[in-house]
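In: Based on what follows, work out the 3D shape:
(2 chains)
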Amino acid sequence: MGALCKKCRERAQIKLPRHNASFCQKHFKEYFFKQVEKAIKKEKMISPGERVLIAVSGGKDSLVLWDVLRELGYRADGLYVNLGIGDYSDRSEETCIRFASSRSANLYTISLPAFTGGAGIREISRKVRRKACAACGMIKRYLFNRFSWEMGYGVAATGHNLDDEAATLLGNLIGWKEDYLSRQAPVMPSNHPRMVRKVKPLFRVTEKETAACAVMSGIGYIYEECPLARGARSTVYKNTLNYLEQHSPGAKQQLFYNFLQKGRPGFLQKREDVQLQSCSRCGQPTATETCAVCQMLEKIGAPPLSLSEGGAVKQKAGEALAP
Amino acid sequence: MKVKLEMPEQKELEFDRRMKVHKMLEELHINPESVIVIRGGELLTADDWAEVGDEIRIRGVISGG
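Out: As a prediction, the model looks like this:
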């Protein structure tokens, strides 16, 4: 006899040792939705009626986030950035389009190579001599913020889960990166007129729970790894934390929640506030005269980015697409 | 039973006896926290039995980058 659901005593499909509970499909989804709603309400992430833009990648976290927010009644649209990483990017984009279509949801897609004369992340990172993941993160954050702001979204959400947050925290603690430690939070308020508030509504659920929710909701997602991210340090931290979690259930949430409650306030006090200014080329928030992305584009000989030109942005209304 | 690993590298294995999921993961040196185990459209917990004729998928949940 396997485990039984804590609520209805039917066969359980998932065990959550950190909550000392097992759930059937129906009650697991109920639990999952409650955790997301609790995160949103407690951290004041999204106001009633506010439009939310979700950065979607085709992976389980962002698609589950999009699905759950829509089910909870939020006005949530998706943005996919095609980073020009060969077939991997195209498969990811197709996955997002298929999901949007199945839910009649609005998806925007931006093609990075359309702005850079065909260069994707691999080529850009070589030319500017940065690690691919660093260049990719910078470009994605830039486009996500700029697009959200230009399209009038009040809040922008990402699918970061508890494992992501705990792994980032562990990395920042090992390196004792005080500045990053002061910034790590489920909500990043706007500190510039062109900066949109960023939120992470999945920070209370684990990676395993999110994958389970995807399967239970019939969400097809990309589970192959980005070819440029192989051997990422974050995976080592995640495996280490999962080892701890296996032997001490609740370790990940204790680490992250205790940090938020007891650790972060100390780092915030010590933080020196950097006055953000507007980039001289694109107007986006930056600590330097020209923002890092404009500097990058300059180095590869691409013109300043204009989202309204060149057909690089496409809107795909879910209703208009074939399932 | 056929076991397909999607970690995300794919690999197919065969087991010739019924066994509990936690035992299977133990033999494969897989941390249960890092995977979901799927049979048909349903998830299995560590306490469930995987039977001889079953087709099981063990899918990694850790996204990198």
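In: What confidence value was assigned to A:E319?
Out: Among the per-residue scores, A:E319 holds a pLDDT of 41.
In: now A:L53
Out: What the model reports as pLDDT for A:L53 is 97.
In: Please apply the same query to the one 4 residues further on.
Out: Taken from the predicted model, the pLDDT recorded for A:S57 is 96.
In: The residue of the stretch 101-250 of chain A found nearest chain B: how many residues sit nearby?
Out: Closest to chain B within the stretch 101-250 of chain A is A:A229: 3.6 Å, counting by C-beta to the nearest C-beta. The way it works is simple: take the backbone N, C-alpha and C, and place the C-beta from them, glycine included. For A:A229, the count of nearby residues is 16 (other C-beta atoms under 10 Å in any protein chain shown).
In: looking at it, it is touching A:G137, isn't it?
Out: No - using C-beta atoms under 8 Å, A:A229 and A:G137 do not qualify as a contacting pair, with a distance of 10.5 Å.
In: mind listing the strands for chain B?
Out: Applying DSSP state E to chain B gives strands spanning B:2-6, B:10-14, B:19-20, B:35-39, B:42-44, B:49-50, B:55-60.
In: can you tell me which of those strands comes nearest to A:K252?
Out: strand B:35-39 (15.9 Å; C-beta to C-beta).
In: Partner strands of that closest one, with direction?
Out: Next to strand B:35-39 in the sheet, as set by DSSP bridges, lie strand B:42-44 (antiparallel), strand B:55-60 (antiparallel).
In: Could I have the CA atoms of it written out in CSV?
Out: Coordinates of each C-alpha in strand B:35-39 appear next as CSV, following Å, rounded to 0.1, in the frame of the first residue of the first chain:
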residue,chain,number,x,y,z
VAL,B,35,13.1,13.7,-9.7
ILE,B,36,9.4,12.9,-10.4
VAL,B,37,8.5,9.3,-11.2
ILE,B,38,5.7,8.9,-13.8
ARG,B,39,3.6,5.9,-14.7
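In: contact partners of that strand?
Out: By C-beta atoms under 8 Å, 6 or more residues apart in numbering or on different chains, the surrounding residues in contact with strand B:35-39 are A:208, A:211-212, A:215, B:7, B:21, B:25, B:43-45, B:48, B:50, B:54-61.
In: Any of these buried? List them.
Out: Those of those that meet the buried threshold are A:208, A:211-212, A:215, B:7, B:21, B:25, B:43-45, B:48, B:50, B:56-61, by 16 or more other C-beta atoms under 10 Å in any protein chain shown.
In: follow-up on the earlier one: need the strands of chain B in CSV (columns: mean pLDDT).
Out: As requested, the strands of chain B are exported to CSV (pLDDT from 0 to 100):
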stretch, mean pLDDT
strand B:2-6, 97
strand B:10-14, 96
strand B:19-20, 97
strand B:35-39, 98
strand B:42-44, 97
strand B:49-50, 97
strand B:55-60, 98
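In: quick one: contacts for the nearest residue to B:M24 once chain neighbours are set aside?
Out: In this structure, B:M24 finds its nearest non-sequential neighbour in B:A50, 6.2 Å apart by C-beta to C-beta, 6 or more residues apart in numbering or on different chains. By C-beta under 8 Å, 6+ apart, the residues touching B:A50 are B:1, B:3, B:15, B:18-21, B:24, B:37, B:39, B:44, B:56.
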